[in-house]
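>>> Next come a sequence and a model predicted from it.
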Amino acid sequence: MCGRYAATKDPAKLIEEFEAIDLTEGRARTDHNVAPTKNVVTVVQRHPRDDEGQVLEDEPAERSLRLMKWGLVPFWAKDPSVGSRMINTRAETAAEKPAFRRALVSRRCLVPADGWFEWRRTGKEKEPFYMTGPGDASLTFGGIWESWHPKDDENAAPLITFSIITTDAAGQLTDVHHRMPLIVPQSHWDGWLDPDRDDVTDLLVPTPDDIVASLELRPVSSLVNNVRNNGPELLDRVDPQHEAALFDAPKS
């Protein structure tokens, strides 16, 4: 699965990288420990609407940065609390599950990340790792999104939420966990975001081998376990034995 990631890029850099306009209204924040239920930057591509809210399908689709809450709330949900259980969507079954299939057809997004965290279980212990790519380019996760309206308040602003699609882990990543986020290569961005394309079966495939091979599996501090911790030190490489020694050291 993917239950924690880092997203530290300024929107100005993401605008350039994704050739998108910024609709985050200055509310995007650097986050070294993104956890479910947080509002984070995503990339979508939609046709513009007229003054009455009608989609102008003959107009070119516009790519934009938008804030969404992590944890998908289907449009038909009675209670938005279900989102905490829908942070991930399995690629293998996304087209079949009622909670995900409509969004997969017409509401796909990209989720820019610096990397993601995963925990390797050894006996009773869980060791955190940070998976990140080379250079400054984003690792771009495939996602789906929904717009939810409370039934008892028609004037309330919609709740916009998303889920990260996952696939079987590949290559060296299997040493840490059996699942990983779907990483969408830049050559597939247009197809993934295209609002007029309703079948992306050919894009719901494991991450290309060359991308997997380029990833660094970095052991990091258990400070990341606590969602309240947030800072660049969470991404620093640590020697697990050294960290254990620090915790075991006698208090002076």
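Alright, I've got the coordinates.
>>> where exactly do the strands run in the protein?
Secondary structure of the chain (DSSP state E): strands at 5-7, 21-22, 31-34, 39-46, 62-70, 88-90, 108-113, 115-122, 125-132, 139-148, 159-168, 179-181, 216-219.
>>> average pLDDT across the shortest one?
Mean pLDDT, computed over strand 21-22, is 97.
>>> try the third one
In this model, strand 31-34 carries a mean pLDDT of 98.
>>> tell me what it is packed against?
Contacts defined by 3 or more C-beta pairs under 8 Å, 6 or more residues apart in numbering; DSSP states H and E place strand 31-34 against strand 5-7. In this view, the C-beta of every residue, glycine as well, is placed from N, C-alpha and C.
>>> Compare the strands of the chain and give me the one nearest L203.
Distance to L203, taken as C-beta to C-beta, is lowest for strand 139-148 among those, at 7.3 Å.
>>> Going by neighbour count, which residues in that closest one are buried?
Neighbour counts using 16 or more other C-beta atoms under 10 Å place L139, T140, F141, G142, G143, I144, W145, E146, W148 of strand 139-148 among the buried residues.
>>> what is the mean pLDDT for that strand?
Strand 139-148 shows a mean pLDDT of 97 in the predicted model.
>>> Can you list the helices and strands that it packs against?
Judged by 3+ C-beta pairs under 8 Å, 6+ apart, strand 139-148 is in contact with strand 39-46, helix 101-106, strand 108-113, strand 115-122, strand 159-168, strand 179-181.
>>> Report the angle between that strand and strand 125-132.
Using axes from the mean of the first three to the mean of the last three C-alpha atoms, to 10 degrees, the direction of strand 139-148 lies 100 degrees away from that of strand 125-132.
>>> Using PDB, write out every CA atom in strand 139-148.
Output for strand 139-148, consisting of C-alpha atoms alone and laid out as PDB, is shown next (Å, rounded to 0.1, in the frame of the first residue of the first chain):
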ATOM      1  CA  LEU A 139       7.600  10.700  -8.700                       C
ATOM      2  CA  THR A 140       4.100  10.900 -10.100                       C
ATOM      3  CA  PHE A 141       1.500   8.600  -8.700                       C
ATOM      4  CA  GLY A 142      -1.700   7.700 -10.600                       C
ATOM      5  CA  GLY A 143      -4.800   8.600  -8.700                       C
ATOM      6  CA  ILE A 144      -8.600   8.900  -9.000                       C
ATOM      7  CA  TRP A 145     -10.800  11.600  -7.400                       C
ATOM      8  CA  GLU A 146     -14.400  12.400  -6.500                       C
ATOM      9  CA  SER A 147     -16.600  15.300  -5.600                       C
ATOM     10  CA  TRP A 148     -18.900  14.700  -2.600                       C
END
